[in-house]
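Peer 1: Take this sequence and fold it.
(chains A and B)
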There are 2 protein chains.
Amino acid sequence: MSNFMNLLGAKGRAASSPRLAGAAYELTFSYGYPAVENLPSEAIAQAASKVLRERGELPLQYGGASGAPQFVETLLNKLKRDQGINAKRENVLVTNGSMQVLGLLGEMFLDPGDTVIIEAPTFLGAVRVLINGGANIVGVGLDDEGINAVELRTRLEALRSSGRTPKYIYIIPNFQNPAGICMSLPRRMEVIALAREFGTLIVEDDAYFDLRFEGKKLPTMYELSGGRDVVYAGTFSKTLAPAMRLGWAVGEPELISRMSTIKVDGTGAFSTNIADEFCKDEGLEKNIAKLRANYAQRAEVMLDALTEYMPPGVSWSKPSGGFFVWLTFPASVDTEELVELTRKQGVDFLPGTRCFADGSGRQNARMAFSYVPMDRIPEGIRVIAECTRQLLR
Amino acid sequence: MSNFMNLLGAKGRAASSPRLAGAAYELTFSYGYPAVENLPSEAIAQAASKVLRERGELPLQYGGASGAPQFVETLLNKLKRDQGINAKRENVLVTNGSMQVLGLLGEMFLDPGDTVIIEAPTFLGAVRVLINGGANIVGVGLDDEGINAVELRTRLEALRSSGRTPKYIYIIPNFQNPAGICMSLPRRMEVIALAREFGTLIVEDDAYFDLRFEGKKLPTMYELSGGRDVVYAGTFSKTLAPAMRLGWAVGEPELISRMSTIKVDGTGAFSTNIADEFCKDEGLEKNIAKLRANYAQRAEVMLDALTEYMPPGVSWSKPSGGFFVWLTFPASVDTEELVELTRKQGVDFLPGTRCFADGSGRQNARMAFSYVPMDRIPEGIRVIAECTRQLLR
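Peer 2: Below is the predicted model of the structure:
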């Protein structure tokens, strides 16, 4: 082996995230994958051949930072119509999935040792970027209305008194991944005010915005802030297909411009042209309506199965959107141990420790209702419930 | 505007690369775009509908760091067959175009102020990453055999005596972009030996490897080094389509593993499944054979036009592959000025200054024969030649 280790920069040295296990279990509740029946295979095939037939060389040529310009227009219309976000071209960067937004923000903002505040629990894919960047990660707990604002203030004050300004606060306001909470409107405003008071930014990850199947949609933090001090990240991975790798950032023009400079890889004109075609004639709205109904039904199937099979002492969130149910087990059940048992029976889920940066969460688990064949959700939950009983004995 | 500027990390502050102008001229010799007739639109449409029909959910689902596993196998076979590179899965990372390889290397290796050695002139897209990373860029000139090894040693010694080890040496050994030189075999070995002596790495960018239309192919520096101390970057942008955003890195397993950790955005299962299908039944080899013939003819058309129209005192490279001819003008012609004149007549090319990190190259120009409609190459060259005469007067 060469000496390359000596040559690594600060970020290269810090990198140590584990790679996601690729192991396949018969029934996997682990990941936020869309259901097979929700991947619009036929429509994508049609859109692909249509754009290749009708749009000349453009869908195969270099596409610039954001891919096809028409797609950016389509996205701006979608953001206005659905999210209520009024953005212009200079506010938007199309990316290789919303994970790339998080990666670019890490690259732009983080020097090793910098502080970032996250919700605890949160989406550990996002935390991977912070680990790569060598960040000092500070977790703030959740209550029924979202990130705990009292605790957030306490943390911000403590950081200030040690001379530190967090680079940003990473928030998932809708159907929080994994806890399932929707941040209340007053809490959204309170957190924006706190970010301003302490001179930091909010990174608003809204991957599941479109997949609300209950309740009224709330304004985004981006809109509530007047488009200042908030960077908004979205994705087509859940509403079109993960494999298209299409996400986006919305933010202040100067910030988006810098992010575009750092994004050296370009965005595919192929995927963006196809997505643009897919969105035509209300293609996206119709697909989202179908998905909402499907995921609502899947959530119900899972909640019914949990009610039927789980022993007393186990509780869980009631999702109003998104892909996940968040479970809390009695103190005697360690979900790291539990998953070992269920995996032997071909059933996988995400132990809560995978949702905290500090190793806590041993009494928690995240179960995705999005991916396991719908009619097999009950048997999977039954296996997990039986293994839970074993551990309770 | 918010305070985000205060929050930027060292890399965010350094970022200042200009964005490529998107201005469209009637005849553009500026960029390394593939010709319209060389984009296999029909075959890609067929491959897309075939994989969506036959491969179930996989082409639309999450794909992991390198996309479709079959594509990695296909790529390994291609590297062995064409490049003579014997690599295993753990040696390879599939990326969002080879620009992402360069971006990830910058992210891994560069702290602000670190030194990187480049060829002068070179591909300025690669330099953009170095600027983003705040690197100290050291250019080493070229001779007929590639990067000047005497000058390289002198530079390395000077750096050593000031206590510095360059993080890497960025080299384009085949059809050097823009100068068109193919690095000789002895020079390749000499540069590998120098990199080892001074404890640095080589980044070998081989974007045009497959597009050799004259002469014998030479072993890659990656193979010559035994797969040590060299990271090899390749792309399907020239041989399939830029819009697919498919490139790859080949390197030592530990380095590739760290690069995979930093690459948080995932690689598209859609594009990799399509590319895999495209490569079946010698699809890639047949396409490359077609492209070689086409680009050879285009090069000839350009060289003939240059011979016919250019005034005495202008000289140029004779490409044996790739997309470019590199021109040298008499001292009285400033190509920044020249391009202003030709643009008024709808003809664009790349002034040499865009190929040097230090602003030199005012007597040079890069002309891509790859993109302008083949039958219009002569009229474009005629315009440039006429404007050159104006400046010579």
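
Peer 1: if I read this right, residue A:346 contacts residue A:25, doesn't it?
Peer 2: Yes - Residue A:346 lies in contact with residue A:25 (Cβ atoms under 8 Å); the separation is 5.2 Å. Yep, even glycine has a C-beta here, placed from its N, CA and C like the rest.

Peer 1: for residue A:7, what are its contacts?
Peer 2: By Cβ atoms under 8 Å, 6 or more residues apart in numbering or on different chains, the contact set of residue A:7 is B:109, B:165, B:167-168, B:199-201.

Peer 1: any idea how far it lies from residue B:38?
Peer 2: Per Cβ to Cβ, to the nearest Å, residue A:7 is found 38 Å from residue B:38.

Peer 1: What parts of the stretch 101-250 of chain A come near chain B?
Peer 2: Taking Cβ under 8 Å from any Cβ of the partner chain as the contact definition, the stretch 101-250 of chain A meets chain B at A:102-103, A:107-111, A:114, A:125, A:128-129, A:132-133, A:165, A:167-168, A:199-201, A:228-229, A:237, A:241-245.

Peer 1: and if we set it to 6 Å?
Peer 2: Residues of the stretch 101-250 of chain A lying close to chain B by Cβ under 6 Å from any Cβ of the partner chain are A:103, A:107-111, A:128-129, A:132, A:167, A:199, A:201, A:228-229, A:241-245.

Peer 1: Check whether residue A:388 sits in a helix, strand or coil.
Peer 2: Per DSSP: H, G, I helix; E, B strand; the rest coil, the local secondary structure of residue A:388 is helix.

Peer 1: CA-only coordinates of stretch A:351-366, as CSV, when you get a sec.
Peer 2: Written as CSV, here are the backbone C-alpha positions of stretch A:351-366 (Å, rounded to 0.1, in the frame of the first residue of the first chain):
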residue,chain,number,x,y,z
PRO,A,351,-32.3,-0.4,15.2
GLY,A,352,-32.7,3.1,16.8
THR,A,353,-29.0,3.4,17.3
ARG,A,354,-28.7,4.0,13.6
CYS,A,355,-30.7,7.2,14.0
PHE,A,356,-28.6,8.8,16.7
ALA,A,357,-25.1,10.1,16.3
ASP,A,358,-24.2,9.3,19.9
GLY,A,359,-25.1,5.6,20.0
SER,A,360,-28.3,6.1,22.0
GLY,A,361,-31.7,4.7,20.8
ARG,A,362,-31.3,1.1,22.0
GLN,A,363,-34.9,1.0,22.9
ASN,A,364,-36.0,2.4,19.5
ALA,A,365,-36.5,1.1,16.0
ARG,A,366,-37.5,2.6,12.7
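
Peer 1: what mean pLDDT would you report for that stretch?
Peer 2: For stretch A:351-366, mean pLDDT is 96.

Peer 1: Could you check how far it is from the centre of its chain?
Peer 2: 16 Å (Cα atoms, centre = their mean, to the nearest Å).

Peer 1: Would you mark the buried spots in that stretch?
Peer 2: A:351-357, A:361-366 (16 or more other Cβ atoms under 10 Å in any protein chain shown).

Peer 1: Next: stretch A:244-263.
Peer 2: Using 16+ other Cβ under 10 Å as the burial criterion, the residues of stretch A:244-263 that qualify are A:244-252, A:255-256, A:258-263.

Peer 1: again, but for stretch A:297-311
Peer 2: A:298-299, A:301-303, A:305-306, A:309-310.

Peer 1: Also stretch A:284-297?
Peer 2: Those would be A:284, A:287-288, A:291-292, A:294-296, for stretch A:284-297 by 16+ other Cβ under 10 Å.

Peer 1: If we only consider those, which is nearest to chain B?
Peer 2: Closest approach to chain B among the buried residues of stretch A:284-297 (Cβ to the nearest Cβ): residue A:287, at 12.5 Å.

Peer 1: Quick check: which element contains the closest one?
Peer 2: Residue A:287 belongs to helix A:283-309 when assigned by DSSP states H and E.

Peer 1: That helix close to chain B?
Peer 2: No - Helix A:283-309 lies out of reach of chain B by Cβ under 6 Å from any Cβ, never closer than 12.5 Å.

Peer 1: Run through the neighbouring helices and strands of that helix.
Peer 2: Contacts defined by 3 or more Cβ pairs under 6 Å, 6 or more residues apart in numbering or on different chains; DSSP states H and E place helix A:283-309 against helix A:377-392.

Peer 1: What mean pLDDT does the helix it packs on get?
Peer 2: Mean predicted confidence for helix A:377-392 is 98.

Peer 1: and that helix, which residues are buried?
Peer 2: Using 16+ other Cβ under 10 Å as the test for burial, helix A:377-392 gives A:377-385, A:387-388, A:391.

Peer 1: same check, this time on stretch A:222-229
Peer 2: The neighbour-count check on stretch A:222-229 (16+ other Cβ under 10 Å) flags A:222-225, A:227, A:229 as buried.
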